[in-house]
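S.K.: Here is a sequence together with a model predicted from it:
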Amino acid sequence: MKNKAVPKIRFLFFSKTAWSEPPRLRHQLARLLAQAGHKVHFFQRPRFLHEPGESLRSNERGICLHQTGQLIHHKARIGIIFSWLNEKYESHQIRTTSVYQNTDSTSVVVNFNYEYFFLRKLFPKNRIITIINDKFWARALPGCGRFLKGALRKTCKISDRVLTVSVPLKKELSEFCRPFIFFPWSQAGYRRPSRSCRRNLLLFWGYLDDRIDYGFILKLANLLLIKKIPLTILMSGPHIPVMQPFLSAPKLPPNLVVLPAQPLENLPTNRALAGILPYRTNNPYNMAISLPNRSLQLLALGLPLCVRGAPAVLKQPFIFPLPQNAQSCPILFKKIQKRFQILQPSIKKFVDANNPANRLAQFLGYCS
(Lines give C-alpha, C1' and ligand atoms only; values in the text may rest on other atoms or scores of the structure.)
Protein backbone atom coordinates (compact mmCIF):
# COMPACT_ATOMS: atom_id res chain seq x y z
CA MET A 1 0.00 0.00 0.00
CA LYS A 2 1.43 3.37 -1.01
CA ASN A 3 2.02 6.06 1.61
CA LYS A 4 -0.47 8.88 1.41
CA ALA A 5 1.18 12.01 0.04
CA VAL A 6 1.50 14.87 2.53
CA PRO A 7 -0.35 17.95 1.18
CA LYS A 8 1.92 20.87 0.42
CA ILE A 9 1.35 24.04 2.44
CA ARG A 10 1.94 27.68 1.60
CA PHE A 11 3.69 29.48 4.48
CA LEU A 12 4.00 33.22 5.10
CA PHE A 13 6.91 34.05 7.42
CA PHE A 14 7.07 37.46 9.17
CA SER A 15 10.41 38.36 10.71
CA LYS A 16 12.61 41.26 11.85
CA THR A 17 15.60 39.52 10.26
CA ALA A 18 17.06 39.87 6.77
CA TRP A 19 17.35 36.66 4.78
CA SER A 20 21.01 37.48 4.11
CA GLU A 21 21.92 37.48 7.83
CA PRO A 22 23.66 34.47 9.40
CA PRO A 23 21.12 31.67 9.84
CA ARG A 24 18.81 31.74 12.82
CA LEU A 25 15.83 29.57 13.69
CA ARG A 26 13.58 31.40 11.21
CA HIS A 27 15.98 30.71 8.32
CA GLN A 28 16.44 27.09 9.38
CA LEU A 29 12.69 26.48 9.65
CA ALA A 30 12.01 28.13 6.28
CA ARG A 31 14.63 25.92 4.62
CA LEU A 32 13.36 22.81 6.38
CA LEU A 33 9.85 23.42 5.04
CA ALA A 34 11.04 24.33 1.53
CA GLN A 35 13.21 21.23 1.32
CA ALA A 36 10.13 19.16 2.19
CA GLY A 37 8.34 20.64 -0.84
CA HIS A 38 6.34 23.39 0.84
CA LYS A 39 6.31 27.00 -0.40
CA VAL A 40 7.69 29.71 1.90
CA HIS A 41 7.13 33.45 1.42
CA PHE A 42 9.64 35.11 3.74
CA PHE A 43 8.87 38.72 4.75
CA GLN A 44 12.13 40.03 6.11
CA ARG A 45 12.63 43.11 8.33
CA PRO A 46 10.33 45.92 7.11
CA ARG A 47 12.17 48.98 5.84
CA PHE A 48 11.62 52.50 7.19
CA LEU A 49 10.40 55.41 5.06
CA HIS A 50 13.94 56.77 4.56
CA GLU A 51 15.34 53.40 3.45
CA PRO A 52 15.41 52.47 -0.23
CA GLY A 53 13.68 49.34 -1.43
CA GLU A 54 15.80 46.28 -2.08
CA SER A 55 15.81 43.93 -5.03
CA LEU A 56 15.09 40.67 -3.24
CA ARG A 57 15.62 37.29 -4.77
CA SER A 58 16.27 33.91 -3.25
CA ASN A 59 18.30 31.36 -5.13
CA GLU A 60 16.81 28.60 -2.99
CA ARG A 61 13.99 26.53 -4.36
CA GLY A 62 10.67 27.02 -2.59
CA ILE A 63 11.61 30.30 -0.89
CA CYS A 64 10.44 33.75 -2.07
CA LEU A 65 11.61 36.93 -0.38
CA HIS A 66 9.51 40.01 0.34
CA GLN A 67 9.86 43.30 2.20
CA THR A 68 7.20 45.79 3.20
CA GLY A 69 7.52 48.99 5.26
CA GLN A 70 7.23 50.07 8.86
CA LEU A 71 6.56 53.52 10.24
CA ILE A 72 7.98 53.43 13.76
CA HIS A 73 10.71 51.25 15.28
CA HIS A 74 9.16 48.46 17.32
CA LYS A 75 10.90 49.57 20.54
CA ALA A 76 9.54 53.10 20.12
CA ARG A 77 5.87 52.15 19.72
CA ILE A 78 5.09 53.28 23.23
CA GLY A 79 1.46 54.13 23.84
CA ILE A 80 -1.74 53.57 21.92
CA ILE A 81 -1.25 56.27 19.27
CA PHE A 82 2.19 55.17 18.03
CA SER A 83 1.12 51.53 18.07
CA TRP A 84 -2.10 52.33 16.15
CA LEU A 85 -0.29 54.44 13.53
CA ASN A 86 2.27 51.75 12.84
CA GLU A 87 -0.38 49.01 12.74
CA LYS A 88 -2.34 50.91 10.08
CA TYR A 89 0.77 51.55 8.02
CA GLU A 90 2.20 48.03 8.18
CA SER A 91 -1.20 46.43 7.58
CA HIS A 92 -1.67 48.54 4.46
CA GLN A 93 1.82 47.63 3.25
CA ILE A 94 1.10 43.90 3.61
CA ARG A 95 -2.34 44.16 1.99
CA THR A 96 -0.89 45.72 -1.15
CA THR A 97 1.44 42.79 -1.84
CA SER A 98 0.42 40.26 -4.48
CA VAL A 99 1.29 37.49 -2.01
CA TYR A 100 -1.39 38.69 0.39
CA GLN A 101 -3.95 39.17 -2.36
CA ASN A 102 -3.40 35.59 -3.55
CA THR A 103 -3.51 34.03 -0.09
CA ASP A 104 -6.43 31.82 0.88
CA SER A 105 -7.41 30.27 4.20
CA THR A 106 -5.22 27.18 3.66
CA SER A 107 -1.99 29.18 4.01
CA VAL A 108 -0.21 29.15 7.39
CA VAL A 109 1.23 32.33 8.90
CA VAL A 110 4.49 31.89 10.87
CA ASN A 111 5.25 34.96 12.96
CA PHE A 112 8.53 35.75 14.72
CA ASN A 113 7.50 39.31 15.77
CA TYR A 114 6.24 39.87 19.28
CA GLU A 115 4.18 42.96 18.33
CA TYR A 116 2.32 41.64 15.25
CA PHE A 117 -1.05 41.30 16.98
CA PHE A 118 -2.67 42.88 13.90
CA LEU A 119 -2.04 39.69 11.90
CA ARG A 120 -5.39 38.27 12.98
CA LYS A 121 -7.20 41.17 11.26
CA LEU A 122 -5.20 40.51 8.09
CA PHE A 123 -5.62 36.74 8.22
CA PRO A 124 -8.93 36.09 10.03
CA LYS A 125 -9.30 32.48 8.76
CA ASN A 126 -5.66 31.39 8.66
CA ARG A 127 -3.69 29.43 11.20
CA ILE A 128 -1.15 31.70 12.92
CA ILE A 129 1.88 30.22 14.65
CA THR A 130 4.00 32.64 16.70
CA ILE A 131 7.55 31.70 17.69
CA ILE A 132 9.26 33.61 20.52
CA ASN A 133 12.94 32.71 20.68
CA ASP A 134 14.44 35.28 23.04
CA LYS A 135 13.65 37.43 26.04
CA PHE A 136 13.50 40.67 24.06
CA TRP A 137 12.02 42.70 26.93
CA ALA A 138 15.29 42.22 28.83
CA ARG A 139 16.74 44.77 26.38
CA ALA A 140 13.83 47.21 26.51
CA LEU A 141 14.50 50.92 26.93
CA PRO A 142 14.11 52.09 30.54
CA GLY A 143 10.44 52.08 31.53
CA CYS A 144 9.29 50.41 28.30
CA GLY A 145 9.32 46.76 29.31
CA ARG A 146 5.63 46.61 30.21
CA PHE A 147 4.61 48.08 26.85
CA LEU A 148 6.63 45.44 25.01
CA LYS A 149 5.14 42.65 27.12
CA GLY A 150 1.69 44.14 26.54
CA ALA A 151 2.22 43.81 22.78
CA LEU A 152 3.49 40.27 23.30
CA ARG A 153 0.38 39.39 25.29
CA LYS A 154 -1.91 40.56 22.47
CA THR A 155 0.18 38.72 19.86
CA CYS A 156 0.03 35.46 21.83
CA LYS A 157 -3.73 35.76 22.24
CA ILE A 158 -4.39 36.06 18.48
CA SER A 159 -2.13 33.06 17.72
CA ASP A 160 -3.37 29.51 17.28
CA ARG A 161 -0.07 28.17 18.58
CA VAL A 162 2.80 29.81 20.44
CA LEU A 163 6.20 28.10 20.36
CA THR A 164 9.38 28.92 22.21
CA VAL A 165 12.94 27.57 22.37
CA SER A 166 13.34 28.05 26.10
CA VAL A 167 11.96 26.45 29.25
CA PRO A 168 12.05 29.76 31.23
CA LEU A 169 10.35 31.54 28.31
CA LYS A 170 7.66 28.86 28.24
CA LYS A 171 7.00 29.55 31.91
CA GLU A 172 6.73 33.31 31.33
CA LEU A 173 4.56 32.95 28.22
CA SER A 174 2.21 30.64 30.13
CA GLU A 175 0.81 33.80 31.68
CA PHE A 176 -0.72 34.66 28.27
CA CYS A 177 -1.26 31.33 26.52
CA ARG A 178 -0.37 27.64 26.37
CA PRO A 179 3.09 27.60 24.75
CA PHE A 180 4.99 24.60 23.39
CA ILE A 181 8.73 23.94 23.37
CA PHE A 182 10.27 23.94 19.89
CA PHE A 183 14.00 23.32 20.12
CA PRO A 184 16.52 23.71 17.29
CA TRP A 185 17.74 20.61 15.49
CA SER A 186 20.89 19.22 13.94
CA GLN A 187 21.16 19.78 10.20
CA ALA A 188 23.49 16.80 9.88
CA GLY A 189 23.31 13.43 11.54
CA TYR A 190 25.61 12.36 14.35
CA ARG A 191 29.16 11.50 13.28
CA ARG A 192 31.24 9.56 15.77
CA PRO A 193 34.53 11.42 16.34
CA SER A 194 37.84 9.74 15.68
CA ARG A 195 39.66 8.16 18.61
CA SER A 196 43.07 8.85 17.11
CA CYS A 197 42.89 12.66 16.83
CA ARG A 198 44.69 14.84 19.31
CA ARG A 199 42.03 17.09 20.80
CA ASN A 200 43.67 20.37 21.76
CA LEU A 201 41.01 22.88 20.72
CA LEU A 202 38.17 24.64 22.56
CA LEU A 203 35.70 25.82 19.95
CA PHE A 204 33.28 28.73 20.07
CA TRP A 205 31.06 28.84 16.97
CA GLY A 206 28.29 31.39 17.12
CA TYR A 207 27.46 35.09 17.37
CA LEU A 208 30.29 37.18 18.82
CA ASP A 209 28.00 39.73 20.42
CA ASP A 210 27.45 41.44 23.78
CA ARG A 211 26.19 38.25 25.41
CA ILE A 212 29.73 36.83 25.47
CA ASP A 213 32.13 37.41 28.37
CA TYR A 214 35.32 38.44 26.54
CA GLY A 215 37.14 39.25 29.78
CA PHE A 216 36.67 35.67 30.94
CA ILE A 217 37.97 34.34 27.60
CA LEU A 218 41.15 36.42 27.88
CA LYS A 219 41.71 35.24 31.45
CA LEU A 220 41.21 31.62 30.42
CA ALA A 221 43.58 31.91 27.45
CA ASN A 222 46.29 33.51 29.58
CA LEU A 223 45.85 30.91 32.31
CA LEU A 224 46.24 28.05 29.82
CA LEU A 225 49.37 29.76 28.51
CA ILE A 226 50.91 30.29 31.95
CA LYS A 227 50.20 26.72 33.06
CA LYS A 228 51.50 25.40 29.72
CA ILE A 229 48.26 23.54 29.03
CA PRO A 230 48.27 22.76 25.28
CA LEU A 231 44.76 24.00 24.50
CA THR A 232 43.87 26.67 21.95
CA ILE A 233 40.64 28.68 22.05
CA LEU A 234 39.22 29.13 18.56
CA MET A 235 36.32 31.58 18.10
CA SER A 236 34.45 31.93 14.82
CA GLY A 237 31.27 33.84 14.11
CA PRO A 238 29.70 37.11 12.94
CA HIS A 239 31.42 40.05 14.60
CA ILE A 240 29.51 43.08 15.86
CA PRO A 241 30.98 46.46 16.99
CA VAL A 242 30.92 45.53 20.68
CA MET A 243 33.77 43.12 19.92
CA GLN A 244 36.14 45.83 18.73
CA PRO A 245 37.80 46.57 22.10
CA PHE A 246 38.43 42.84 22.47
CA LEU A 247 39.94 42.50 19.01
CA SER A 248 41.92 45.72 19.50
CA ALA A 249 43.63 44.49 22.66
CA PRO A 250 47.39 45.22 22.58
CA LYS A 251 48.08 41.59 21.87
CA LEU A 252 45.80 38.59 22.00
CA PRO A 253 47.45 35.51 23.51
CA PRO A 254 48.82 33.17 20.82
CA ASN A 255 46.46 30.42 22.01
CA LEU A 256 43.40 32.58 21.30
CA VAL A 257 42.38 32.68 17.64
CA VAL A 258 39.43 34.77 16.38
CA LEU A 259 38.16 34.10 12.85
CA PRO A 260 35.34 35.56 10.73
CA ALA A 261 32.09 33.62 10.42
CA GLN A 262 32.45 30.45 8.37
CA PRO A 263 30.90 26.99 8.03
CA LEU A 264 31.86 24.36 10.57
CA GLU A 265 33.37 22.19 7.84
CA ASN A 266 36.01 24.89 7.27
CA LEU A 267 37.19 24.67 10.88
CA PRO A 268 39.50 22.00 12.38
CA THR A 269 36.67 20.37 14.34
CA ASN A 270 38.53 17.03 14.33
CA ARG A 271 40.87 18.59 16.91
CA ALA A 272 38.11 20.04 19.09
CA LEU A 273 37.72 18.77 22.65
CA ALA A 274 34.50 20.68 23.39
CA GLY A 275 32.31 23.54 22.33
CA ILE A 276 32.45 26.47 24.74
CA LEU A 277 29.65 28.97 25.37
CA PRO A 278 31.05 31.57 27.79
CA TYR A 279 28.05 33.88 28.29
CA ARG A 280 28.14 36.88 30.61
CA THR A 281 26.77 36.10 34.06
CA ASN A 282 23.70 37.86 35.47
CA ASN A 283 22.64 38.97 31.99
CA PRO A 284 18.80 38.80 31.84
CA TYR A 285 18.97 37.94 28.13
CA ASN A 286 21.10 34.85 28.86
CA MET A 287 18.85 33.66 31.68
CA ALA A 288 16.31 32.35 29.15
CA ILE A 289 18.73 30.10 27.22
CA SER A 290 17.85 26.39 27.40
CA LEU A 291 19.57 25.13 24.24
CA PRO A 292 21.69 27.54 22.19
CA ASN A 293 20.70 27.49 18.52
CA ARG A 294 24.03 26.29 17.14
CA SER A 295 24.78 23.78 19.87
CA LEU A 296 23.16 20.88 17.99
CA GLN A 297 25.63 21.34 15.12
CA LEU A 298 28.51 20.94 17.60
CA LEU A 299 26.88 17.98 19.30
CA ALA A 300 26.44 16.27 15.93
CA LEU A 301 30.24 16.22 15.74
CA GLY A 302 30.36 14.44 19.10
CA LEU A 303 31.55 17.53 20.98
CA PRO A 304 30.48 18.04 24.60
CA LEU A 305 29.47 21.58 25.59
CA CYS A 306 30.88 23.81 28.31
CA VAL A 307 28.41 26.57 29.23
CA ARG A 308 28.75 29.58 31.50
CA GLY A 309 26.23 32.30 32.40
CA ALA A 310 23.12 30.37 31.29
CA PRO A 311 21.65 28.80 34.44
CA ALA A 312 18.59 27.42 32.59
CA VAL A 313 20.58 25.40 30.06
CA LEU A 314 19.39 21.79 29.72
CA LYS A 315 20.72 19.24 32.20
CA GLN A 316 22.46 16.58 30.13
CA PRO A 317 25.52 14.41 30.87
CA PHE A 318 27.40 16.04 27.96
CA ILE A 319 26.66 19.65 28.99
CA PHE A 320 29.12 20.88 31.63
CA PRO A 321 28.96 24.09 33.68
CA LEU A 322 31.99 26.20 32.81
CA PRO A 323 33.37 27.43 36.17
CA GLN A 324 32.93 31.09 37.00
CA ASN A 325 36.59 31.26 37.96
CA ALA A 326 38.96 30.54 35.06
CA GLN A 327 41.40 28.95 37.55
CA SER A 328 39.08 25.94 37.90
CA CYS A 329 38.65 25.32 34.17
CA PRO A 330 41.71 23.09 33.58
CA ILE A 331 40.24 20.48 35.96
CA LEU A 332 37.04 20.42 33.88
CA PHE A 333 38.90 20.09 30.59
CA LYS A 334 40.95 17.20 31.96
CA LYS A 335 37.73 15.49 33.03
CA ILE A 336 36.23 15.89 29.55
CA GLN A 337 39.39 14.48 27.95
CA LYS A 338 39.03 11.34 30.07
CA ARG A 339 35.30 10.97 29.43
CA PHE A 340 35.19 12.10 25.79
CA GLN A 341 34.46 8.67 24.30
CA ILE A 342 32.22 7.60 27.20
CA LEU A 343 29.94 10.60 26.48
CA GLN A 344 29.36 9.65 22.85
CA PRO A 345 26.30 7.35 23.28
CA SER A 346 24.35 10.03 25.19
CA ILE A 347 25.33 12.69 22.62
CA LYS A 348 24.24 10.44 19.75
CA LYS A 349 20.90 9.69 21.40
CA PHE A 350 20.20 13.42 21.87
CA VAL A 351 21.21 14.34 18.31
CA ASP A 352 19.14 11.49 16.84
CA ALA A 353 16.08 12.69 18.80
CA ASN A 354 16.53 16.24 17.50
CA ASN A 355 16.87 15.55 13.78
CA PRO A 356 15.24 17.43 10.87
CA ALA A 357 12.59 14.78 10.20
CA ASN A 358 11.37 14.78 13.81
CA ARG A 359 11.33 18.56 13.99
CA LEU A 360 9.49 18.85 10.67
CA ALA A 361 6.85 16.39 11.85
CA GLN A 362 6.49 18.31 15.12
CA PHE A 363 6.01 21.64 13.34
CA LEU A 364 3.57 20.32 10.74
CA GLY A 365 1.55 18.90 13.61
CA TYR A 366 0.95 22.47 14.77
CA CYS A 367 -0.32 23.49 11.33
CA SER A 368 -3.62 21.60 11.44
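M.R.: Now that the structure is in, tell me what you want to look at. Numbers count the residues shown, from 1 in each chain.
S.K.: can you pull out the helices in the chain?
M.R.: According to DSSP state H, the chain carries its helices in the segments 25-35, 80-95, 98-101, 119-122, 145-157, 167-173, 214-226, 244-247, 295-299, 329-339, 344-353, 356-365.
S.K.: Poorly predicted segments of the stretch 1-150 of the chain, please.
M.R.: 1-6, 53-55, 75-79, 136-145 (pLDDT under 70).
S.K.: ok, which stretches of it are strands?
M.R.: Shown for the stretch 1-150 of the chain, the strands assigned by DSSP state E, counting those that start in this stretch span residues 10-14, 39-43, 63-66, 108-111, 127-132.
S.K.: For Tyr207, which of these is the nearest?
M.R.: Between Tyr207 and these, the shortest gap by CB to CB is with strand 127-132, which sits at 18.2 Å. The way it works is simple: take the backbone N, C-alpha and C, and place the C-beta from them, glycine included.
S.K.: that older thread, highest mean neighbour count out of the strands of the stretch 1-150 of the chain?
M.R.: Each of these was scored by mean neighbour count; the highest is strand 108-111, a mean of 24, by mean count of other CB atoms under 10 Å.
S.K.: Can you tell me the strand partners of that strand and which way each runs?
M.R.: strand 10-14 (parallel), strand 127-132 (parallel) (DSSP bridges).
S.K.: Would you map out the domains in this structure?
M.R.: Residue ranges for each domain of the chain read 10-182, 201-351, as given by automatic domain parsing.
S.K.: want to throw the ones you listed into a markdown table with distance to Gly189?
M.R.: Shown next, in a markdown table, are those (distance: least, CB to CB, whole Å):
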| stretch | distance to Gly189 |
| --- | --- |
| domain 10-182 | 15 |
| domain 201-351 | 7 |
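S.K.: closest one to Ser194 among those domains?
M.R.: domain 201-351 (6.3 Å).
S.K.: Now do that closest one: distance from first to last residue.
M.R.: 22 Å (CA to CA, to the nearest Å).
S.K.: picking that back up, the helices of the chain: which one's closest to Leu234?
M.R.: Closest among those, using CB to CB: helix 214-226, at 10.8 Å.
S.K.: who's in contact with the closest one?
M.R.: 229, 231, 233, 235, 243, 245-246, 249, 252-256, 278, 308, 326-327, 329-330 (CB atoms under 8 Å, 6 or more residues apart in numbering).
S.K.: ok, now stretch 160-169?
M.R.: 25, 127-135, 156, 170, 173, 176-184, 287-291, 293, 312, 314, 366.
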